[in-house]
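# just need the structure, nothing else, for what follows:
(2 chains)
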Amino acid sequence: MIVIKISFKLNGKWVETDVEPHKRALDFLRDDMEMTSVKEGCSEGECGACTIIVNGRNVHSCLMLAVELDGKDVWTLEGIVESGETYIPEAYADVGAVQCGFCTPGFIVSTKVLLDENPNPNEEDIKKGLEGNICRCTGYAKIIEAVKEAARRKRGDAS
Amino acid sequence: MRFDYVAPVTVEELSKYKKDGGRLFSGGTDLFVKIKAGALKPSLVVDTKKIETPKIECEEELKIYMNTTYTDVLKSECARKFDLLLKILIEVGSPQIRNRGTPVGNIGNASPAGDFLLSTYIHDGTVVVAPSMREIPISEFVKGPGKIDLSDEEFIYAVSLKPLDGYITYYEKVGRRNAMVISIASIAVAIKMQGNVIEDARIAYGSVGPTIVRFKDLEEKLIGERPKRELFESLAKEYSDRVKPISDVRASAEYRKKLVENLLMKAYLSMNL
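Numbering: from 1, shown residues only, chains lettered A, B, ... in the order given. As a prediction, the model looks like this:
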């Protein structure tokens, strides 16, 4: 079996490993790296459940190959929480923006990218920033409220 | 689905892999969807991202190179005055798609619903084709849905857009959801006034024909005229009569014809000419 050596930063730690050329970043992160916050939803870039952060931008891991992670700075929800940035998941929980929870890691990852770029988003900014993530349980009112709450907590942390 | 992967660093290598049947991708937002759906079964995928090019250049024209993402364009200082282009790009897909997908890839896909493709028509765009670096106007480059004027060893290297300085512009995409919409129909309009008459007019539609539609003879009917409502009403009917949309899962042909008429009137009423 042909494998390709990759070396990349996963949640702040360098990882070196072999990957098969056809393996998706989604499967690699879930099965080989055990980052099970990365969910497989639609597998075609519509739902956002598989969203991860690569070099500061949120992308679909279902439309990316594992080999493409080579040299990149990659973050999943696990790393966001481990590094102490718990204000987003806590805001989602406190506001009640989680029902079945399947979409939540993707939403939190997109929320992190949104707030890193814009610490004070208005409702339109939030809708635009999260437009690539779908929730089929709660509707979006609570999620938008959670992002506003997370933004308040993030700004509070900074001051 | 198993396939091999290469990421060549030179234009010549890339060209050779393509000639040998490799499927090119940059963001993968089209290719991996097609592979997942079983529509493509490549034995080799060719990652173009190791080819070193500038991202974006703006002298007179705005030149967007291969591997430059929608987000790169949206964040670029360079693209600031291309306000119609920015209006179009911010509506592409979703943040995740804009962070990976590329304008050059959108041309390669040559969908009549391609949002960036629409902007290349209204900006009189030119495609730069590697390895020869020949240049060809977009309207000659796109031959039909998914069909482009490329030989086996060629690929799209860059695309240049001419500025629309002093134009009043309008863009609208009609679909069923805000994000991730494949348009039922879309319109881009750019009109330049001189005093109270129209000096130049460009009108492009997406998703109402085999590729983006522009009718130069109909645009010329506006030139030298005062922007009266009756003028646009009769023109909107002519566009509606002339387009040949198809019925598909998103909408019927008749509905699209009606949209063609209504979208031009909506553009007219919104632009305050």
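
# hmm, B:L85 is touching B:K162, no?
No. Taking contacts as Cβ atoms under 8 Å, B:L85 lies outside contact range of B:K162: 11.1 Å. Backbone N, C-alpha and C define where each C-beta goes, glycine included.

# quick check: neighbours shared by the two?
Listed contacts common to B:L85 and B:K162 are B:H123; contacts here mean Cβ atoms under 8 Å, 6 or more residues apart in numbering or on different chains.

# which one's more surrounded, the two?
Comparing B:L85 with B:K162 by other Cβ atoms under 10 Å in any protein chain shown, the one with more neighbours is B:L85, at 26 against 14.

# show me what contacts the more buried one?
Neighbour list for B:L85: B:62, B:73, B:79, B:119, B:123, B:161 [criterion: Cβ under 8 Å, 6+ apart].

# by neighbours, which of these wins?
Counting by other Cβ under 10 Å, top hit in the contacts of B:L85: B:S119 with 28 neighbours.

# quick one: mean pLDDT over the helix or strand containing it.
Secondary structure from DSSP states H and E places B:S119 in helix B:115-122. Averaged across helix B:115-122, pLDDT comes to 97.

# using PDB, list the CA coordinates for it.
Below are the C-alpha coordinates for helix B:115-122, written out as PDB (Å, rounded to 0.1, in the frame of the first residue of the first chain):
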ATOM      1  CA  ASP B 115     -21.300  32.700  -9.500                       C
ATOM      2  CA  PHE B 116     -17.700  33.800 -10.200                       C
ATOM      3  CA  LEU B 117     -18.200  32.800 -13.800                       C
ATOM      4  CA  LEU B 118     -21.000  35.400 -14.000                       C
ATOM      5  CA  SER B 119     -18.700  38.100 -12.800                       C
ATOM      6  CA  THR B 120     -16.100  37.200 -15.400                       C
ATOM      7  CA  TYR B 121     -18.700  37.800 -18.100                       C
ATOM      8  CA  ILE B 122     -19.800  41.200 -16.800                       C
END
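
# next secondary structure after it?
Counting by DSSP H and E, what follows helix B:115-122 is strand B:126-130.

# ignoring the adjacent residues along the chain, who's closest to the residue in chain B positioned nearest to chain A?
As assessed by Cβ to the nearest Cβ, chain A sits closest to B:S94 within chain B, at 2.6 Å. Excluding the flanking residues, the one nearest B:S94 by Cβ to Cβ, 6 or more residues apart in numbering or on different chains is A:G132, at 2.6 Å.

# how about B:E57?
B:K63 (4.4 Å).

# give me every residue that touches residue 62.
You didn't pick a chain, so chain A it is. Contact analysis of A:C62 by Cβ under 8 Å, 6+ apart lists A:24-26, A:40-45, A:50, B:32, B:36.

# ah, no, chain B please
B:L62 is in contact with B:56, B:78-79, B:82, B:85, B:123, B:160-161, B:163, counting by Cβ under 8 Å, 6+ apart.

# what bridges to it?
B:C58, B:L161 (DSSP bridges).

# where does it land on pLDDT?
pLDDT for B:L62: 97.

# ok, now the one 5 residues further on?
Reading off the confidence values, B:N67 has pLDDT 98.

# what of A:D157?
On pLDDT, A:D157 comes in at 57.

# count the residues that sit near the residue nearest to B:E57.
By other Cβ under 10 Å, neighbour count at B:K63 equals 20.

# my read: it touches B:I56, true?
Yes. Between B:K63 and B:I56 a contact is recorded at 6.8 Å, counting by Cβ under 8 Å.

# from memory B:E261 sits against B:D241, does it?
No. In this structure B:E261 lies outside contact range of B:D241 using Cβ under 8 Å: 9.0 Å.

# what about chain A, any weak spots by pLDDT?
Applying pLDDT under 70 to chain A picks out residues A:157-159.

# again, 90 this time
The model of chain A has pLDDT under 90 over residues A:1, A:138-139, A:155-159.

# where does it get nearest to chain B, which residue?
A:G132 (2.6 Å).

# interface residues of chain A facing chain B?
Neighbours of chain B within chain A, by Cβ under 8 Å from any Cβ of the partner chain: A:2, A:4, A:20-22, A:24, A:43-46, A:48, A:51, A:57-60, A:62-65, A:67-68, A:110, A:113, A:127-129, A:131-133.

# one step back: what pLDDT is listed against the residue of chain B closest to chain A?
pLDDT, B:S94: 95.

# in helices only, show me the contacts of A:C62.
Judged by DSSP state H, these include A:25-26, B:32, B:36 as members of helices.

# which parts of chain A are strands?
Remark: strands assigned in chain A by DSSP state E are A:4-10, A:13-19, A:51-54, A:57-60, A:73-75.

# re the thing from before, and of the contacts of B:L85, the nearest to B:L273?
B:L273 lies nearest to B:H123 out of these, by Cβ to Cβ, at 20.0 Å.

# just the strands from chain B, written as ranges.
B:4-6, B:23-25, B:44-47, B:56-58, B:62-65, B:126-130, B:134-137, B:142-144, B:147-148, B:155-161, B:168-174, B:185-194, B:197-206.

# which residues touch the residue of chain A closest to chain B?
Residues in contact with A:G132 (Cβ under 8 Å, 6+ apart) are A:48, A:51, A:58, A:60, A:110, B:93-97, B:179-180.

# okay but B:F232 is in contact with B:Y268, surely?
Yes. With contact defined as Cβ under 8 Å, B:F232 counts as touching B:Y268 (4.2 Å).

# which neighbours do the two share?
With Cβ under 8 Å, 6+ apart, B:F232 and B:Y268 have no common neighbours.

# setting aside sequence neighbours, what's the nearest residue to the residue nearest the centre of chain A?
When Cα atoms, centre = their mean is applied to chain A, the residue found nearest the centroid is A:V109 (2.8 Å). Spatial nearest neighbour of A:V109, chain neighbours left out: A:T51 (4.7 Å); criterion: Cβ to Cβ, 6+ apart.

# which bits of chain B sit near chain A?
Residues of chain B that fall close to chain A, judged by Cβ under 8 Å from any Cβ: B:1-5, B:7, B:27-29, B:32-33, B:36-37, B:45, B:47, B:49, B:71, B:90, B:93-97, B:99-100, B:178-180.

# now, those that are in helices?
Mapping the residues of chain B next to chain A onto helices (DSSP H) picks out B:32-33, B:36-37, B:71, B:95-97, B:99-100.

# mind giving me the ChimeraX command for buried ones among those?
In ChimeraX, a selection of the buried entries from those looks like this (16 or more other Cβ atoms under 10 Å in any protein chain shown):
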select /B:32,33,36,71,95,96,97,99,100
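
# just flag the most distant two among the ones in helices among the residues of chain B next to chain A.
B:A37 and B:T71 (25.2 Å).
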